[in-house]
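Enquirer: Sequence unavailable; structure follows:
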C-alpha cells in the first residue's frame, strides 16, 4: 500500500479498520457502513486487510484484529484494538471533524 501517506495526509479524519478475512467481517462491515453513512463526506472510512498489507501492518505494529485507527493531517489521533460499535466510532471520529 504505497499510497498510505496520501490516504492519511488529508485534513478530514480518516478511520481505518485493520482486519483479516477470518475475522467476523460481516458484523464489522455493517458497523463501518453505519459509521460512513453517519459521517458522510466529513470523514473517510477505510478497511485494510492485514494479510494483504503485512508490511504496513508490521510498520504500524498492528497485533490485534480488528485494530482501528483515526488519522488527521497524517497524524495518528486515536488507536484501539478490539471490536467497537458504530456509535462509539462515530463519536470518536466526530471529535476530529
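Expert: Received it, and whenever you're ready, just let me know what you need. Given the structure is predicted, the values throughout are model-derived calculations rather than measurements. Numbers count the residues shown, from 1 in each chain.

Enquirer: what's the burial count for residue 68?
Expert: 23 (other Cβ atoms under 10 Å). In short, each C-beta sits where N, CA and C put it, glycine included.

Enquirer: For the remainder of this discussion, apply numbering that starts at 624.
Expert: Got it, first residue is 624 now, which makes that one residue 691.

Enquirer: hey, what's it bridged with?
Expert: residue 640, residue 703 (DSSP bridges).

Enquirer: pLDDT at it, what is it?
Expert: Note for residue 691: predicted pLDDT of 97.

Enquirer: Could you list the buried residues of stretch 644-663?
Expert: Neighbour counts using 16 or more other Cβ atoms under 10 Å place 646, 648, 651, 654-655, 657-659, 661-662 of stretch 644-663 among the buried residues.

Enquirer: And for it, what's in contact with it?
Expert: Defining contact as Cβ atoms under 8 Å, 6 or more residues apart in numbering, one finds that stretch 644-663 is touched by 638, 640, 642, 668, 670, 672, 674, 688-689, 706-709, 712-713, 716-717, 720.

Enquirer: With stretch 686-702 instead?
Expert: For stretch 686-702, contacts defined as Cβ under 8 Å, 6+ apart pick out 628, 630-643, 646, 651, 673, 683, 703-707, 712, 715-716, 719.

Enquirer: give me that answer again for 6 Å
Expert: Applying Cβ atoms under 6 Å, 6 or more residues apart in numbering, the contact partners of stretch 686-702 are 631-632, 636-643, 646, 703-704, 707, 715, 719.

Enquirer: Which pair of those spans the longest distance?
Expert: Spanning the widest gap among the contacts of stretch 686-702 are 632 and 646, at 27.2 Å by Cβ to Cβ.

Enquirer: When you filter the contacts of stretch 686-702 down to buried only, what's left?
Expert: The neighbour-count criterion (16+ other Cβ under 10 Å) marks 631, 636-642, 646, 707, 715, 719 among the contacts of stretch 686-702 as buried.

Enquirer: Lowest-confidence one in these?
Expert: Lowest in pLDDT among the buried ones among the contacts of stretch 686-702 is residue 646, which has 53.
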